[in-house]
Every structure is written in structure tokens, then in C-alpha cells.
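K.L.:
Here is my input; please provide its structure:
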Amino acid sequence: MRTLARKDSRPKPAAKMPVSDAAVQAKTGCTWDRWITTLDRAGAAEMSHRAIAQLVRDRYHVGDWWCQMVTVGYERARGLRAVNETAKGFAAGTTRTIAASSAKAFRAWTDARARGAWLPKQRFTIRTAIPPRSLRITWPDGADLEVYITAKGANKCVVAVTHGRLKSAPAVRGAKAFWAARLDALRAELEA
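P.N.:
Model prediction:
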């Protein structure tokens, strides 16, 4: 059972929320202050993430994506969830736009020789792959890696990496720095 981490009833500053106050009000009809007050009254501070999301969806008729945003915002406001925290630890995301086809970017991940040019000495297990769009990878320390490659024309794509199951917020900073450098190296390799 979870308990409130903060003694006062006020939410944390809106800057910690996953979306702006204006956006949540436009899509759900309520501001963050109203959502927090409403969910406090419903006993959400003692509920699991899943139970809060279901409450928001079923009682207040909010769509799936927005019920997740409301739930995460509530958990952040109440000190129950940190920024970048997920149900399975912390996650770091990094994205780069690359002047190369999605097929070429995909091959740079799946071909060991091509991968060695931009991600040297890294061994991992590819669990699933959907060419040329996505990969699910197990990192050597057991962390989850999700790679999404989105074509933006014949010779342009976006590569997005999410490194999950991280242990802490400092680990998020380290993973973001690592992947920023590696994706810059991937871009340099593919655009050469």
C-alpha cells in the first residue's frame, strides 16, 4: 500500500507534470489542481498505478493515453513517481534524425560488423525485430532497450532509443549521455 510522500496537500509545481496544465484541461476538461483534488478524494494515493488509471478511465471517461498522463501526473504530484520512473524502474530516451534510409539504420543495429563502427564492444541479445522499424533488445546488465526507426522519406529516418529498467535517476542521466554519443556516432557513420 502506498502512502503520500508529501505532508501538504498541494501538488508539486506544474513543471514536473508530464504535460502542461492547458493541455490536460483541453483534453480532459480538468486542470492539474482539479485532477489532484479529485483523485485525492477518491483515495488514489493508496492505489496502484493500474487502479488509478482504471478509475480515471472508467469513472471520468478519459481515453487510454490521457488516463495514463493523468495517472503519471498525479503520482508525480504526490511524490509517488519521479520523472523518468516507470513501473519497472527508470527509463532514458534519446532520439536522432539521420539522413539515411530506415533499412540502412536497421542494418546498422542488426549487422555485427556495421554495429561495431558506431557501438563498439557492446554485446546484447535481440529478442524481437521488425525490419526496418523496431528492435527489442536485452542489454548485458539485463536492462531493456527499445529501438524504433521511423522513415521520414527515402533517405531520412528518426532513430529513437529507450533504455529501460535503470536503477535510479542518476543512471538515467548516464544512459542519456551514452545514447546521445552513440546515436551521434551512428549518424556520422550512416551519413559519411
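
K.L.:
C-alpha only now, for contacts and for neighbours.
P.N.:
Will do.

K.L.:
lowest-pLDDT helix or strand in the protein?
P.N.:
strand 85-86 (a mean of 78; mean pLDDT, DSSP states H and E).

K.L.:
Need the residues that contact that strand.
P.N.:
For strand 85-86, contacts defined as CA atoms under 8 Å, 6 or more residues apart in numbering pick out A91, A169.

K.L.:
in stretch 142-149, what counts as buried?
P.N.:
By neighbour count on 16 or more other CA atoms under 10 Å, the buried set for stretch 142-149 is A143, D144, L145, E146, V147, Y148, I149.

K.L.:
Sorry, wrong one. I was asking about stretch 71-83.
P.N.:
Burial within stretch 71-83, assessed by neighbour count using 16+ other CA under 10 Å, is assigned to 71-83.

K.L.:
mind listing the helices for the protein?
P.N.:
Assigned by DSSP state H, the chain shows helices spanning 21-28, 32-41, 49-60, 64-77, 102-110, 112-116, 169-191.

K.L.:
so which of those comes closest to T128?
P.N.:
Closest to T128 of the helices of the chain is helix 102-110 (CA to CA; 10.9 Å).

K.L.:
Now that closest one: buried residues?
P.N.:
Residues of helix 102-110 classed as buried by neighbour count (16+ other CA under 10 Å): S102, A103, A105, F106, R107, A108, W109.

K.L.:
same deal with stretch 108-118?
P.N.:
Buried residues in stretch 108-118, defined by neighbour count with 16+ other CA under 10 Å: A108, W109, A114, R115, W118.

K.L.:
Kindly report the same for stretch 184-192.
P.N.:
By neighbour count on 16+ other CA under 10 Å, the buried set for stretch 184-192 is D184, L186, R187, E189, L190.

K.L.:
ok, back up a step: how about the buried residues of helix 102-110 in CSV, adding pLDDT and distance to I36?
P.N.:
Listed next are those as CSV, based on pLDDT from 0 to 100; distance: CA to CA, whole Å:
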residue, pLDDT, distance to I36
S102, 97, 42
A103, 97, 45
A105, 98, 43
F106, 98, 42
R107, 97, 46
A108, 97, 45
W109, 97, 43
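
K.L.:
could those go into a markdown table alongside distance to G164?
P.N.:
Output for the buried residues of helix 102-110, formatted as a markdown table (distance: CA to CA, whole Å):
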| residue | distance to G164 |
| --- | --- |
| S102 | 23 |
| A103 | 24 |
| A105 | 21 |
| F106 | 20 |
| R107 | 22 |
| A108 | 21 |
| W109 | 18 |
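
K.L.:
Go through those and say which is closest to K88.
P.N.:
Of all those, K88 sits closest to W109, with 24.5 Å by CA to CA.

K.L.:
Look up how far L145 lies from that closest one.
P.N.:
Relative to L145, W109 is positioned 12 Å away (CA to CA, to the nearest Å).

K.L.:
Nothing else from me, thank you.
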